[in-house]
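K.L.:
mind folding the following:
(2 chains)
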Amino acid sequence: MLRFVSHKVTSRVYSTTTRSHVGSTASSWTTVVSALARSGVIDALHAAVELLNDGDKPDDTSSVMVHLLRVSGNHGYVSLCRQLHGYVVKHGYVSETRLSNSLMRFYKTSDSLEDAHRLFDEMPDPDVISWNSLVSGYVQSGRLQEGLCLFLDLERSNVFPNEFSFTAALAACARLKISWLGACIHSKIVKLGMEKGNVVVGNCLIDMYGKCGSMDDAVLVFRHMEEKDTVSWNAIVASCSRNRKLELGLWFFHQMPNPDTVTYNELIDAFVKSEDFNSAFQILSCMPNPNSSSWNTILTGYVNSEQSREATLFFTKMHSYGVRLDEYSLSIVLAAIAALVVVPWGRVIHSCGLKLGLDSRVVVASALIDMYSKCGMLKQAELMFWTMPRKNLIAWNAMIYGYARNGDSTEAIKLFSQLKQERFLKPDGITFLNLLAVCSHCEVPMELTLGYFEMMVNEYGIKPRVEHCCSLIRAMARRGDIWQAKKVIQEFGFGFDGVAWRALLGACSAGKDLKAAKAVAGKIVVLGEVDEDEYVYIVMSNLYAYHEIWREVSQIRKIMREKGVEKEVGSSWIQEQNVAIQL
DNA sequence: GTAGGGTTAG
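P.N.:
Alright, predicted model coming up:
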């Protein structure tokens, strides 16, 4: 028995008319299907459900089911769709590829990628559409590696990939910045003669090369495209903006026939990235149809250039101008507020989110977790985290970071083990960075810390970055194991990275180990990175002062004065705070 | 009146 409860009360026109056609099944189903295609959707669904419950089976059941699934899926009738799936199984239509494809589309659009995948696995012969649907499902929900693995499975299967398969894979390569695979796919596209005659393929290639930092290749693809649409132009302007080629971007913009809002937003982004906020404002005030994104781009620019105060002022301006605030506006301004540590403002944005119905969106909720934990309000952060309806990895990472930042290693580790139990989530490089950070400045046994590091590399295949090694260095140095820490730097090939040595210097300084600090500072001098900031000078000067070697202290102060890296009032305290938190 | 794809803000 199927049960359909629509969102609104409807008349039963269709059910009565269809009832009168006793015996003429075909015509009633034709009525239903044509109604589904045009208007009167809800009535048609009611009629269809009644027909099915009456045991009235359409001749072309799979076609009718495809229609019903599409329409009820589009209208958000999730329960009805699942029941239709049951009907399909019960009446033995599951092995029909096009019907399964319809069901897959429903599952992936209703956030049940796992159900879509399960369905795919049960299909006797999936076609290229089944494959594309699943690959794009993974790519669109941000599970890029899994999407790419599936694409590679498709390549190995007996199904032949088409343009749609390649565009989905290229999108994943772009976001993961895997240019070599992107280039492989490009050559395959050329070999198959697909690079001409399909604008979307060209657009994806421009975007992929642009995101991978290969500006020249992006331009080359753009130049060779026979047909260009607005997206092609926007993609090339975006590539210029991303790769800091403001002049080139402007040049393309002036050639462009019909710029749209996205084009102008890209230009705003290009100016903001080169910290030319005045030009960005100018575009915002002159462009034809500014939207929330146009404003958000400037807001993001302020946050990224560490002008949090300006960001909050700009947000106020957005509000007073009546700009529609979306989930991104809220999450960006929350990042600014978190940096400024102003809880009352954070609360205002929280209630703003509640009012707009955006508070449970992943970006907003994660930003709230981050803001509350940066303001030391862990209980509030926890409340946000546990009440989130769908938690993605960003939310988990934000909460682990919250514990790490507040020095609660027990809770951080507990949450990490809970994350490991999650079926569809996998810790990433950021997760381990937060976890190792908490190990490095709390009383976590060294074996456990090393265990996490090895787990990251061996179990999850994550290549350690210099930041991961810095945490390990701090953890070792904290236990006085400066020379083992030094070995870590060299073992992982970060010997030429000033960041790693600075981390070690910080560790030496915390342990008041002057001898080791002198050696490490010497290394930084050799690397030629000593003039980058006053950090090395300040650490050494403080360390000499601690050991009461005043001659060296005044010597360093003299060098600092000469080089113009004068220590500002209070900056030493800030430095120490930074060393203490170091996340 | 059958199913699948791309660009911007995070």
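K.L.:
what segments of the stretch 151-300 of chain A are strands?
P.N.:
Here the stretch 151-300 of chain A has no strands by DSSP state E, counting those that start in this stretch.
K.L.:
so where's it shaky on pLDDT?
P.N.:
In the prediction, the stretch 151-300 of chain A carries no residues with pLDDT under 70.
K.L.:
residues of it that sit close to DNA strand B?
P.N.:
Taking Cβ under 7 Å from any atom of the strand as the contact definition, the stretch 151-300 of chain A meets DNA strand B at A:162-164, A:167-168, A:171, A:174, A:198-201, A:203-204, A:207, A:211, A:229-232, A:234-235, A:238, A:261-262, A:265-266, A:269, A:291-293, A:296-297, A:300. Bear in mind the C-beta positions are built from the backbone N, C-alpha and C, glycine included.
K.L.:
equivalent analysis for the stretch 351-500 of chain A, please.
P.N.:
Selection of the stretch 351-500 of chain A residues close to DNA strand B by Cβ under 7 Å from any atom of the strand yields A:Val363.
K.L.:
in the stretch 351-500 of chain A, what residue lies closest to DNA strand B?
P.N.:
The minimum distance from the stretch 351-500 of chain A to DNA strand B, using Cβ to the nearest atom of the strand, falls at A:Val363 (5.7 Å).
K.L.:
what helices and strands are in contact with the helix or strand encompassing that residue?
P.N.:
Remark: A:Val363 resides in helix A:362-374, with elements defined by DSSP states H and E. Contact partners of helix A:362-374 among helices and strands, from 3 or more Cβ pairs under 8 Å, 6 or more residues apart in numbering; DSSP states H and E: helix A:327-340, helix A:343-356, helix A:378-387, helix A:393-405.
K.L.:
what lies in contact with that helix?
P.N.:
Residues outside helix A:362-374 that contact it (Cβ atoms under 8 Å, 6 or more residues apart in numbering) are A:327-328, A:330-332, A:334-335, A:337-339, A:341, A:346, A:349-350, A:353, A:358-359, A:378, A:380-381, A:384-385, A:388, A:390-392, A:394-395, A:398-399, A:401-403, A:405-406.
K.L.:
which of the residues of the stretch 151-300 of chain A next to DNA strand B count as buried?
P.N.:
A:163-164, A:167-168, A:171, A:174, A:198, A:201, A:203-204, A:207, A:211, A:231-232, A:234-235, A:238, A:262, A:265-266, A:269, A:292-293, A:296-297, A:300 (16 or more other Cβ atoms under 10 Å).
K.L.:
centroid residue for chain A?
P.N.:
Central residue of chain A (Cα atoms, centre = their mean): A:Gly142, 6.7 Å from the mean position.
K.L.:
now do that residue, the pLDDT please.
P.N.:
Here, the pLDDT recorded for A:Gly142 equals 86.
K.L.:
repeat for the one 4 residues further on
P.N.:
At A:Glu146 the predicted local confidence, pLDDT, stands at 89.
K.L.:
tell me which element it falls in.
P.N.:
Secondary structure from DSSP H and E places A:Glu146 in helix A:144-156.
K.L.:
could I have that helix exported to CSV, CA atoms only?
P.N.:
The C-alpha coordinates for helix A:144-156 follow below in CSV (Å, rounded to 0.1, in the frame of the first residue of the first chain):
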residue,chain,number,x,y,z
LEU,A,144,36.5,14.3,-4.7
GLN,A,145,39.0,11.4,-4.2
GLU,A,146,36.1,8.9,-4.2
GLY,A,147,34.7,10.5,-7.3
LEU,A,148,38.0,10.2,-9.1
CYS,A,149,38.5,6.6,-8.0
LEU,A,150,35.1,5.8,-9.5
PHE,A,151,36.0,7.6,-12.7
LEU,A,152,39.1,5.4,-12.9
ASP,A,153,37.0,2.3,-12.3
LEU,A,154,34.8,3.5,-15.2
GLU,A,155,37.9,3.7,-17.4
ARG,A,156,38.7,0.1,-16.5
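K.L.:
may I see the buried residues of that helix?
P.N.:
The neighbour-count check on helix A:144-156 (16+ other Cβ under 10 Å) flags A:144, A:146-148, A:150-151, A:154 as buried.
K.L.:
residues making contact with it?
P.N.:
Outside helix A:144-156, the residues that reach it (Cβ under 8 Å, 6+ apart) are A:128, A:131, A:134-139, A:161, A:165, A:168-169, A:172-173, A:175-176, A:178, A:181.
K.L.:
buried ones among those?
P.N.:
A:131, A:134-139, A:161, A:165, A:168-169, A:172-173, A:175-176, A:178, A:181.
K.L.:
just checking, which of those belong to helices?
P.N.:
Residues from the buried ones among the contacts of helix A:144-156 lying in helices, with DSSP state H as the criterion: A:131, A:134-139, A:165, A:168-169, A:172-173, A:175-176, A:181.
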